[in-house]
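# predicted model follows, preceded by the sequence.
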Amino acid sequence: MHYDFHDKRLFVRDDLSSGAVIEADRGQTHYLVNVLRKGAGDGILLFNGRDGEWSATVEPRPRKVCLLTAETQVRAQTPPSDLHYLFAPLKHARLDYLVQKAVEMGAGRLRPVLTQFTQTTRVNRTRMEANVVEAAEQCGVLSIPEVEDPKSLLHMLAEWNPERRLVVCDEAAPVASPAEALREARPGPAALLVGPEGGFSEGERHELLKRPYVLPISLGPRVIRADTAAVAALALVQTFIGDWR
C-alpha cells in the first residue's frame, strides 16, 4: 500500500466527510500555523480512526483560530488491528518510546499489566494516548489503538478469553528458539506479554504456564531492556502469527 509521507497528517475527533469544516484545537493551531507555517489554502491530511484519511485545506483565522475543510477521501478506513500488547509499565521517556513503537509495530490494544517487579504502578493514560496519536500521525496508521487502564497480572488472567493466544516473553522458556516456538502456533486472536526487567516472580510464572492458551518464548541469549524487547517480540509475533505472514 502506498502512503503519502510528504503531506503532514493530523488526527481529529470530528466526523470527516466532503465539505466538513473542523476547528483545530489550540495545540493543533499552533502546530499548523507556527511550526508548519501553513497558510490559507495549504493542504493537510486528516483522519479520525473511523472515516479513513481525507485531504483538507487550512484556513487560519484571527484570534488564533484555524479551520480545516475536508475535501476528498484519499484512503478508506482500515480495520483495527486485533493484536493486544501487554506490558509492565516503565518510567517516563522509556514508556513513551514503548508506546510509540508498539503502535508502529501494529498493536491494536495497549494493556498495562502490574506485576511483582514492575518498575512503576502509576500510568498516565492521557500521556499514553497522546503518544499513540503522535505515532499514528507519523506512520500512516488509520486505526487508533485502544489504551486500557493498568490491571494486575492476576486480574488480567482471571478475565482472559482462552480463545486468544497469549505469547509470553520468558527467559526460562523451554524452547530456546522463539522462531521454533511460534512456528508451531496457529494463527488467530493473539496477545503478547512482556514483563518487567526484573522478570516474572516464580508465582507469576506458575500462574501463566498452567494456562493452556499461554505460549512462552525466549528472546535469545542476550539480556535486553523491556522497551527493546517490545520491538523484538512484536516483530516475531507479526512474522509468525500476525500480519507480516
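Thanks, I have the structure now.

# going forward, measure contacts between C-alpha atoms and count neighbours the same way
OK.

# need phi/psi at V74.
phi -100, psi -20 (degrees, to the nearest 10).

# sorry, that was for I217
Listed backbone geometry of I217 is phi -130, psi 150, with angles given as degrees, to the nearest 10.

# what's the answer for R75, then?
Backbone geometry at R75, expressed as degrees, to the nearest 10, gives phi -140, psi 130.

# okay, now it: neighbour count?
By the criterion of other Cα atoms under 10 Å, R75 has 15 neighbours.

# does it have beta-bridge partners, and which?
With DSSP bridges as the criterion, the beta-bridge partners of R75 are E53.

# what sits against it?
Neighbour list for R75: G52, E53, W54 [criterion: Cα atoms under 8 Å, 6 or more residues apart in numbering].

# got the residue ranges for the helices in this protein?
With DSSP state H as the criterion, the chain has helices at 26-30, 92-104, 125-139, 153-158, 178-183, 202-209, 226-240.

# so can I have CSV of those helices showing mean pLDDT?
What follows is those, written out as CSV (pLDDT from 0 to 100):
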stretch, mean pLDDT
helix 26-30, 94
helix 92-104, 94
helix 125-139, 95
helix 153-158, 96
helix 178-183, 91
helix 202-209, 94
helix 226-240, 93
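
# C169 is nearest to which of these?
Using Cα to Cα as the measure, helix 226-240 is the one of these that comes nearest C169, at 7.5 Å.

# report the central residue of this protein.
Most central residue of the chain, judged by C-alpha distance to the mean C-alpha position with Cα atoms, centre = their mean, is V103 at 2.8 Å.

# separation between that one and Q238?
Using Cα to Cα, to the nearest Å, one gets 13 Å for the distance from V103 to Q238.

# likewise for L166?
For L166, the distance to Q238 equals 13 Å [Cα to Cα].

# of those two, which one has the most company?
L166 (25 against 17).

# what's opposite the more buried one in the beta bridge?
Applying DSSP bridges to L166 gives these bridge partners: A191, V214.

# from R183, how far out is it?
L166 sits 15 Å away from R183, taking Cα to Cα as the criterion.

# got any ranges where this structure has weak pLDDT?
Low-confidence segments of the chain, defined by pLDDT under 70: 1-5.

# give the residue farthest from the middle of it.
Each residue of the chain has a distance to the centre, and by Cα atoms, centre = their mean the biggest one is for P62: 36.3 Å.
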